[in-house]
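Peer 1: Return a 3D structure for these sequence lines:
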Amino acid sequence: MTHRVNEALALSTSLPVTHGICSGRVDRWAVIMTGGDGTRLRSLTREIAGDDWPKQFSRILGEATLLDQTISRVGLSVPAARTMFAVTQTHESFYDSYLSYVPRTQMLIQPKNAGTAPAILYSLLRVARVNPAVAVVFFPSDHYVSDDALFMSYVESAFDITETRTDLVILLGIEPDGPEAEYGWIEPVSATLTRNPDALSWVRRFWEKPTPELANKLMARGCLWNSFVMVGRVSAFLEMIRRASPDLYDRFGALEPDIGTDNEQDKARSLYSHLPDINFSRHILAARPRDLAVLPVTGLRWRDLGKPRRVLSTLADIGVKPAQAHAWNSASRLEATLA
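Peer 2: Okay, the predicted model is just below:
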């Protein structure tokens, strides 16, 4: 995948190269986002998997849980010792069982689910305690990817770019196969910027859940789905959040001195008790397109399993049926009421 990096970074019309910023390969970390409640899928996961647990802890696409599948995917590029899990206290019974082997220093336990922005910022501050110059990739734990090795090759390309572009947050943009209105969409500066369709590009605009009519137009002009897999230096993420949401940044700044101490959990509980839900895509990415670049991902199928119809279509695509004999028909009926 070297051509993606070389061509993208050499484009004066796309992303100018900044030389001499770093030497050698920077440390790479991963954060797996594991704190979502998945309430929209509870009835469906009960039908398919026989339980109503949060979807990331459920076996809805085969024998492995969605979280296990994500861990395997991430492990192709980032070692387990540098993988952190962002969880919520309400899921303690699940992560105590499924992640019992993970050292507590790699568990970011939030007092409650306050949306993706607090989880990401808190995780960044934790990683920054190790080294604020490291590169980090964020992964949701409820996605389907048809080819893990190919997908992770794009992550590797994004990591390579951070060696010289310390100021960028790189989004992995999925080539769409339909005008999905429930996804975030990324509009590159130009979909035909070079002869290489894999080339990195600046982001013109981030569209969070457009109308169906707009989704059709975005697809027609070469826009990409936002996979919410993001790569960048810790410092680049922190600066983007500071500029987009200074209030959120300052609130967590008050917690920062206590991270890693005996006071951390008490201070975090106090902080989260006053936090509203803050969506990272809507409040951070959409507000700071100038801090973003997008790397197009092609040649594979990807799904965010946040909707029942996406789960059902994915199960059909991969030829997996629920363990319970009655569940497939029941799940199909639920689609109309839950979608």
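Peer 1: could you pull out the strands for this structure?
Peer 2: 28-33, 83-88, 107-110, 135-140, 143-145, 169-174, 184-188, 201-208, 224-233, 292-297, 302-304 (DSSP state E).
Peer 1: tell me what the longest one is packed against?
Peer 2: Contact partners of strand 224-233 among helices and strands, from 3 or more CB pairs under 8 Å, 6 or more residues apart in numbering; DSSP states H and E: strand 135-140, helix 148-162, strand 169-174, strand 184-188, strand 292-297, strand 302-304. The way it works is simple: take the backbone N, C-alpha and C, and place the C-beta from them, glycine included.
Peer 1: Which neighbours in the sheet does the shortest one have, and how are they oriented?
Peer 2: Think strand 302-304. Neighbouring strands of strand 302-304 in its sheet, by DSSP bridges, are strand 143-145 (antiparallel).
Peer 1: quick one: the strand it pairs with to chain centroid distance?
Peer 2: 11 Å (CA atoms, centre = their mean, to the nearest Å).
Peer 1: Quick one: residues in contact with that strand.
Peer 2: Outside strand 143-145, the residues within contact range by CB atoms under 8 Å, 6 or more residues apart in numbering are 61, 66, 70, 73, 151, 227-228, 300-305, 314.
Peer 1: Can I get the buried ones among those as something I can paste into ChimeraX?
Peer 2: Listed next is the ChimeraX selection for buried residues among the contacts of strand 143-145, using 16 or more other CB atoms under 10 Å:
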select :61,66,70,73,151,227,228,302,303,304,305,314
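Peer 1: Just send the contacts of strand 143-145 back as JSON lines, with pLDDT too.
Peer 2: Below are those laid out as JSON lines (pLDDT from 0 to 100):
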{"residue": "61", "pLDDT": "79"}
{"residue": "66", "pLDDT": "90"}
{"residue": "70", "pLDDT": "96"}
{"residue": "73", "pLDDT": "97"}
{"residue": "151", "pLDDT": "97"}
{"residue": "227", "pLDDT": "96"}
{"residue": "228", "pLDDT": "96"}
{"residue": "300", "pLDDT": "95"}
{"residue": "301", "pLDDT": "94"}
{"residue": "302", "pLDDT": "95"}
{"residue": "303", "pLDDT": "91"}
{"residue": "304", "pLDDT": "88"}
{"residue": "305", "pLDDT": "83"}
{"residue": "314", "pLDDT": "81"}
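Peer 1: Which one of the contacts of strand 143-145 is nearest to residue 189?
Peer 2: Lowest distance from residue 189 to the contacts of strand 143-145 (CB to CB) belongs to residue 227, with 18.9 Å.
Peer 1: picking up where we left off before, same list, the helices and strands packed on strand 224-233, but as JSON lines with distance to residue 279 please.
Peer 2: As requested, these are exported to JSON lines (distance: least, CB to CB, whole Å):
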{"stretch": "strand 135-140", "distance to residue 279": "13"}
{"stretch": "helix 148-162", "distance to residue 279": "22"}
{"stretch": "strand 169-174", "distance to residue 279": "15"}
{"stretch": "strand 184-188", "distance to residue 279": "10"}
{"stretch": "strand 292-297", "distance to residue 279": "16"}
{"stretch": "strand 302-304", "distance to residue 279": "14"}
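Peer 1: Tell me which of the ones you listed sits nearest to residue 34.
Peer 2: strand 135-140 (8.9 Å).
Peer 1: which residues of the stretch 1-150 of the chain fall in helices?
Peer 2: 2-10, 42-49, 66-74, 92-98, 116-130, 148-162 (DSSP state H, counting those that start in this stretch).
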